[in-house]
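Enquirer: predicted model and sequence below, questions to follow.
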Amino acid sequence: MKITIAKSAGFCFGVKRAIDIALESAARSKDRVYMLGDIVHNENVVKNIERAGIEKTRKLNNPRIGSLLIRAHGSSKKIIEKAGRLGLKIIDATCPMVKEIHNIAIDMDSRGYKIIVIGDYKHDEVQGIVGQIKHKAIVLQGLADIKKKVPKRMQKSAVVVQSTQNLEKVLKMQELLKERVDDLQFFNTICSPTRLKQAEIKTLPKASDCIIVIGSKTSANTKRLYQIAKSINKNSYWINSPDELKKKWLRGAKSVGITAGASTPDETIAAIKERIQEIAH
Ligand code: SF4
């Protein structure tokens, strides 16, 4: 059986960087290092970081000694200010590409543009972006939201995009927004690793009998890769560990394509490849 792993499968630059910062600060810091929620959307990576000594916390409400690690997809200003008031130092592992989105939103908001964010309402990254600016932003998750949330006529608006959104959907939304906004400043802030992954997954399913997309069910970028793969090849599956792989998916398949979300470790990809090889023999 031919197994092809997409070149872009697995950790992106921003996730790798955040994990390195986390492990380094855990090793260096004498006081506690906290992370608010999960540093990246992958259970195994979070477990490793906790093992290295970083403590996961759900809420910041008591004064503490130590530092707060800001995850790859950033945080709102409110959270950072609150951490400061509680006595925590900030270790910022926000991806530079997400920082760039924050800077655009802050700049355009201060210039009087209504900020529109295309992204998943509840995602940390989207919460972090809307939490940077003084005025309320409009968040659009899908095409249907435009009618519901964007006035028919708007004078000026600036659009930024969650870094892991689906490019095709975003371009369609851009066209619809042009019809409603006179001065539309559109910043397509889908990051380069995401663009690369989405471009590769568009060709992989055509060339393979079966597609395996690897990543946590909490990972939005993995979900989008899976949706794209499934739309091209019905024999596409989304798993996060070798045990989830089903023999029947590979029955009759001569070629398998593998890709993985931005927070999926190489070890998981290697273990799933090994399991596919075992089944094939
Ligand atoms: S997916 Fe893109 S924006 Fe998000 S951490 Fe990775 S490189 Fe940065």
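Expert: Looks like it came in fine.
Enquirer: all helices for this protein, in order.
Expert: 13-28, 43-51, 77-85, 96-110, 124-130, 143-149, 167-178, 192-207, 220-232, 247-250, 266-280 (DSSP state H).
Enquirer: okay if I get those as a markdown table plus mean pLDDT and distance to Met35?
Expert: Every C-beta, even on glycine, is put in place using the N, C-alpha and C of the backbone. Shown next, in a markdown table, are those (pLDDT from 0 to 100; distance: least, C-beta to C-beta, whole Å):
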| stretch | mean pLDDT | distance to Met35 |
| --- | --- | --- |
| helix 13-28 | 94 | 7 |
| helix 43-51 | 91 | 7 |
| helix 77-85 | 95 | 11 |
| helix 96-110 | 98 | 16 |
| helix 124-130 | 96 | 12 |
| helix 143-149 | 97 | 31 |
| helix 167-178 | 96 | 29 |
| helix 192-207 | 92 | 22 |
| helix 220-232 | 94 | 19 |
| helix 247-250 | 95 | 35 |
| helix 266-280 | 95 | 20 |
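Enquirer: which stretch among these comes nearest Ala158?
Expert: In terms of C-beta to C-beta, the element of the helices of the chain nearest to Ala158 is helix 96-110, at 3.5 Å.
Enquirer: anything in the closest one near the ligand?
Expert: Yes. Remark: helix 96-110 sits within contact range of the ligand at 97-98, by C-beta under 6 Å from any ligand atom.
Enquirer: quick revisit: out of the helices of the chain, deepest packed?
Expert: With neighbours taken as mean count of other C-beta atoms under 10 Å, the helices of the chain reach their highest mean count in helix 124-130, at a mean of 23.
Enquirer: one step back: and Lys156, which of the helices of the chain is closest to it?
Expert: helix 96-110 (9.0 Å).
Enquirer: so what's the backbone phi/psi at the closest residue to Arg71 other than its chain neighbours?
Expert: Taking C-beta to C-beta, 6 or more residues apart in numbering, and ignoring the residues beside it in sequence, Arg71 has Ile39 as its nearest neighbour in space, at 4.6 Å. Here is the backbone geometry of Ile39 (degrees, to the nearest 10): phi -70, psi -40.
Enquirer: kind regards, and thank you for your time.
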